[in-house]
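Student: fold the following, please.
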Amino acid sequence: MCGIAGGMTKAGFQKGDKVLSEFQAALQHRGPDGEGVHVADRIGLVHTRLAIIDLVNGAQPFVSDEGVALVANGEIYNDLEVRRDFSQREFRTGSDNESILHLYLRHGIEFARRLRGMYAVALYDPRDKSLILARDPFGIKPLYFAETVDGFWFSSEPQAFVAAGVLNPQLNEQARDELLAMQFSAGSETALKGIRQVEPGETLVVRDGRLVSRSRLDPLSEEAVPYSNTVQAFDALWMDSISDHRRSDVPYGVFLSGGVDSAAVMAAMTRLEDRPVIAYTAGFIGGAVHDEREQAAVVAKATKADHRAIEISQEDFWAYLPAMASCMDDPVADYAIVPSYLLAKAAAQDVKVVLTGEGGDEVFAGYGRYRAGRLPWPFRKNPWSRDGVGRTGVLRQRSLGWRQTLNASEAAFKIKPWNRLQKMQALDVAHWLPQDLLTKVDRCLMAHGIEGRVPFLDDRLAAFGFNMLDRDKIRGRLGKWTVRQWLAEALPEAQPFSRKRGFSVPVGQWIEPQADRLAPLVSQQAGVVACCDPEAVEHLFRTIKPQTAFPAWVLLFYALWHQCHIVGIAHGGSVFDVLAQR
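Tutor: Down below sits the predicted model:
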């Protein structure tokens, strides 16, 4: 996994250009094993490398005999198959990313249709002087761009544009309103004004420093494939996906919770491995939430894993939360960043690749909101209809447009040949998955130089899960029915038919003892004052209770994020130190 950045400008670049050097420095945590630059015509490409495959020869940029240059961040799981198709063409390295370059040389702008994997790609073709950006259909790997008077810029992370001096940090208020309502922002806009995402599955073409075309691959197939036995079909597809996601020349491990998805990863890994898999589990000291360590330990014992349980305390929360807000430059107020960040910190001592269970709930229908959304009217609940912070009454003016991007997606889905369950899944795949879960995984792991892999989002497996009959996804009060049936045979110790408890972090219990101290700091923070009534925010914290704990957490996270990314306060020090600075 790597960091990529660069631009196409009117003035062009020179070797050692300060902007390119600043991009490299800002993305070094994504690629601490090496760096490279390519300058030609009016473009500059930057790469920072996390060496995973072909540790000796895989340095980027790759440049073809025709002068086409590539920088990429990702893993291409059909690399071996691509190489077989190019038997007459010499590959210069063993890097899986080199296959992207050869696909482009043969198929042109359609190259992404022939990729399986997770990727963010930048190509420069001197033959027509075009810069091409592409991102995988699920948005597993991040890619952002900005258009300025000087030209067109791209980067793996928004913060790098600011660090390189391309843009000054300004708040996008629409994205802020979405963050406060849903804990993430939807659509292509980010919370930093002027910085947009290359959306999942998009391919962009840039000429003369301006975006001239964009096309998009849909991650979800509209054609159902019949299977006589869904459990057997899942077994074949799942084992193929896990096998592909194990390709690595460096050590790897698994984030193991007490749930179905990570247990399914462990069960498959154990079948393929001849050595103990390193598994990491987070638990919370002194919290009243469900602690997953006990069930994870059962799964680890059954799979003979090398199990590492990480305890997270209140002290850890207050000490590391500013660093978490800093690494989440595209803000996600998901409290799961706390264990994800600290698990990654621990795992970085042992491995460079971690497999996780993200995507299982979206592809195989595991969320309770899917069951609620399938109820007959008037009992049916609309997914993502709850305004998180807005419902507390602390906002100066409650946003009416926080759900407009989701509304537009739902309107577009009406013409699709999908049933109601599939439309709810598609909404999550379009927004919640890439802009919350996958952003969280990417930033928390890459902050520590670790690559995260998500085998549930293999394209063939996802198409299978999405197009299954509803009865093979949901039975009674249990989602992911087919996955549970498979796990009952493969690893019965995982207790797959136990009711889904959901994952929680005791942020409310940690905030409550510090509420009086936090109340004036959060309520007077510049970003909070701009959109909230300070007195109402202070009251919210001083009278915190279970039903207001989550809005309080979102406001706390947003205040820290605003300090780090808009005000420009360094994240060193505790929560209280960072919030106290003006």
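
Student: shaky segments in the stretch 301-450 of the chain?
Tutor: Residue ranges of the stretch 301-450 of the chain with pLDDT under 70: 378-379.

Student: contact partners for the residue minimising distance to the centre of the chain?
Tutor: With distances taken as CA atoms, centre = their mean, residue 438 lies nearest the centre of the chain, 1.7 Å away. Residues in contact with residue 438 (CB atoms under 8 Å, 6 or more residues apart in numbering) are 138-140, 358, 454. Using the backbone N, CA and C atoms, a C-beta is placed for each residue, glycine as well.

Student: which stretch of helix or strand covers it?
Tutor: Element membership for residue 438, per DSSP states H and E: helix 438-446.

Student: which residues are contacting the helix or strand following that helix?
Tutor: Counting by DSSP H and E, the next helix or strand C-terminal to helix 438-446 is strand 451-453. Residues outside strand 451-453 that contact it (CB under 8 Å, 6+ apart) are 1, 50, 52, 75, 118, 245, 252, 352-356, 441-442, 445-446.

Student: got it, and stretch 415-429?
Tutor: Against stretch 415-429 from outside (CB under 8 Å, 6+ apart): 138, 219-220, 222, 361-363, 365, 367, 369-370, 373-374, 383-384, 406, 409-410, 413, 466-467, 470, 473-474.

Student: buried ones from those residues, can you make that a PyMOL selection?
Tutor: In PyMOL, a selection of the buried entries from these looks like this (16 or more other CB atoms under 10 Å):
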select buried, resi 138+219+220+361+362+363+365+367+369+370+373+374+383+384+406+409+410+413+466+467+473+474
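
Student: from the contacts of stretch 415-429, which land in helices?
Tutor: 361-363, 369-370, 373, 406, 409-410, 413, 466, 470, 473 (DSSP state H).

Student: adding distance to residue 316, write the residues you listed out as a markdown table.
Tutor: Output for the ones in helices among the contacts of stretch 415-429, formatted as a markdown table (distance: CB to CB, whole Å):
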| residue | distance to residue 316 |
| --- | --- |
| 361 | 27 |
| 362 | 29 |
| 363 | 32 |
| 369 | 30 |
| 370 | 33 |
| 373 | 36 |
| 406 | 34 |
| 409 | 37 |
| 410 | 39 |
| 413 | 41 |
| 466 | 38 |
| 470 | 42 |
| 473 | 37 |
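
Student: for the stretch 51-200 of the chain, what spans make up the helices?
Tutor: 79-85, 98-107, 158-163, 173-182 (DSSP state H, counting those that start in this stretch).

Student: which stretch among those helices approaches residue 525 most closely?
Tutor: Among these, the nearest to residue 525 by CB to CB is helix 173-182 (13.0 Å).

Student: counting by contacts, list what the closest one packs against.
Tutor: Counting contacts by 3 or more CB pairs under 8 Å, 6 or more residues apart in numbering; DSSP states H and E, helix 173-182 packs against helix 526-531, helix 546-562.

Student: repeat that with 10 Å
Tutor: Applying 3 or more CB pairs under 10 Å, 6 or more residues apart in numbering; DSSP states H and E, one finds that helix 173-182 contacts helix 404-413, helix 526-531, helix 546-562.

Student: so that helix versus helix 404-413, what angle?
Tutor: Helix 173-182 runs at 80 degrees relative to helix 404-413, counting by axes from the mean of the first three to the mean of the last three CA atoms, to 10 degrees.

Student: okay, domains of this protein per the record?
Tutor: Following automatic domain parsing, one finds the domains of the chain at 2-216, 230-494, 507-580.

Student: mind showing which ranges of the stretch 151-300 of the chain have poor pLDDT?
Tutor: Along the stretch 151-300 of the chain, the model assigns pLDDT under 70 to residues 222-226, 286-289.

Student: at 80 instead, please
Tutor: For the stretch 151-300 of the chain, residues meeting the criterion pLDDT under 80 lie at 221-227, 249, 286-290.

Student: how about the strands of it, start to end?
Tutor: 151-155, 196-197, 202-207, 210-216, 252-255, 278-284 (DSSP state E, counting those that start in this stretch).

Student: make a markdown table out of the ones you listed and add distance to residue 322 and mean neighbour count.
Tutor: Formatted as a markdown table, these follow (distance: least, CB to CB, whole Å; neighbours: other CB atoms under 10 Å):
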| stretch | distance to residue 322 | mean neighbour count |
| --- | --- | --- |
| strand 151-155 | 22 | 25 |
| strand 196-197 | 25 | 20 |
| strand 202-207 | 33 | 20 |
| strand 210-216 | 35 | 13 |
| strand 252-255 | 23 | 24 |
| strand 278-284 | 19 | 24 |
